[in-house]
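**Q** sequence and predicted model, in that order:
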Amino acid sequence: MADLDSFLTRAEALLARLEAVLPHPLTAPDWAASVAFRYRKRGGGGLLEPVRQVAGIRLSDLKEVDAQKERLLRNTAQFVAGRPANNVLLTGARGTGKSSLIKACLNEFAGQGLRLIEVDKTDLTDLPDLAALVDGRSERFVIYCDDLSFEEGEAGYKALKSMLDGTVAQGGDNVLIYATSNRRHLLPEQMKDNLSVSYNEEGELHPGEAVEEKISLSERFGMWISFYPFSQREYLEIVAQWLRHFGADEPAIAAARQEALVWALERGSRSGRVAQQFARDFVGRGLQQSGLMPSTASDDIPGGLDHV
């Protein structure tokens, strides 16, 4: 009898270990815990984790991207109101406000039922499970993929392509996909793709079809929103905005202009991210020299700046 009890105990322990590594069905989180969620893989299965501190970016804070802001705001308003709306691909120069604009839209419409689910590129194969989980809910969900790009042959490429427009099952009308990328077509476009085209007996009969495959994913996003590098004037405006955020007064902001331009020249970029980094350094040095602590600075991200 003692041997049987020992065997059963060991068998239960083995089953517990197996259950820990076997895939688990995706379960709904506490939807009231947050307006934003992250999808993560845990123990062979997926898990939606509520984001406890959502970035407090507002549309009114975003500067120098008025045209892009108007287009994404209009599309999101249509979606929240239950009207037809498009999946959106935001592409262009790094640090120009792509991610910030999506976060600002979330804060703008969260009170009207908008929710955001952030998914990493490596987890895009689980998009159908996410869509099934939120199907039928009253909230409106944006699945958000940041800094998206693919190499040829990646599994997530086909999964996203089917999710956007290609699967037999019709997607729910309460889900859209918003993605940001520095690549317009999400895949690397190489010179050899053009050089390999030949019109002899060994050439491809329809060489244009190879190019079509390259751009077919980005084409399935109904709306493209492009971002461009900031001019010197726009860059200095964003620097001033960051400096005010960190507590600098107007004379200090005026005095920082030349240093801000040199900082951008050294970095090879006039972007919102570079402006933020300069402002942190400039104000931090000033506070260290004066022996004071910042009184108005916080970790919240002001508008016009991006984490892309």
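**A** Right, received. Where do you want to start?

**Q** give me the neighbour count for the closest residue to Ala264 other than its chain neighbours.
**A** Closest residue to Ala264 apart from its sequence neighbours, by C-beta to C-beta, 6 or more residues apart in numbering: Arg270 at 4.7 Å. (Each C-beta comes from the backbone N, C-alpha and C, glycine too.) Using other C-beta atoms under 10 Å, the number of residues around Arg270 comes to 25.

**Q** could we number from 484 for the rest of this?
**A** Fine by me, first position is 484 from now on; the one you just mentioned is Arg753.

**Q** for Leu531, phi and psi?
**A** phi -100, psi 120 (degrees, to the nearest 10).

**Q** what bridges to it?
**A** Beta-bridge partners for Leu531, by DSSP bridges, are Tyr522.

**Q** how close does it sit to Val602?
**A** Distance, Leu531 to Val602, using C-beta to C-beta, to the nearest Å: 10 Å.

**Q** please identify which of the two sits among more neighbours.
**A** More crowded of Leu531 and Val602, by other C-beta under 10 Å: Val602, with 25 against 22.

**Q** now do the contacts for that one.
**A** Taking C-beta atoms under 8 Å, 6 or more residues apart in numbering, we find Val602 in contact with Tyr522, Asp609, Leu610, Leu613, Ile626, Tyr627, Cys628.

**Q** quick check, pLDDT for the fifth one.
**A** If I follow you right, that is Ile626. Listed pLDDT for Ile626 reads 92.

**Q** how about Leu555?
**A** For Leu555, the predicted pLDDT is 94.

**Q** ok, now the one 3 residues further on?
**A** As predicted, Asn558 sits at a pLDDT of 95.

**Q** looking at this, it is in a strand?
**A** No: if the criterion is DSSP: H, G, I helix; E, B strand; the rest coil, then Asn558 is helix and not within a strand.

**Q** gap between the spatially closest residue to it that is not a sequence neighbour and Val625?
**A** Excluding the flanking residues, the one nearest Asn558 by C-beta to C-beta, 6+ apart is Ala568, at 5.1 Å. From Ala568 across to Val625, the span is 10 Å (C-beta to C-beta).

**Q** neighbour count for the two, which is higher?
**A** Val625 (23 against 19).

**Q** that's a strand at that one, yeah?
**A** Yes: counting by three-state DSSP, Val625 falls inside a strand.
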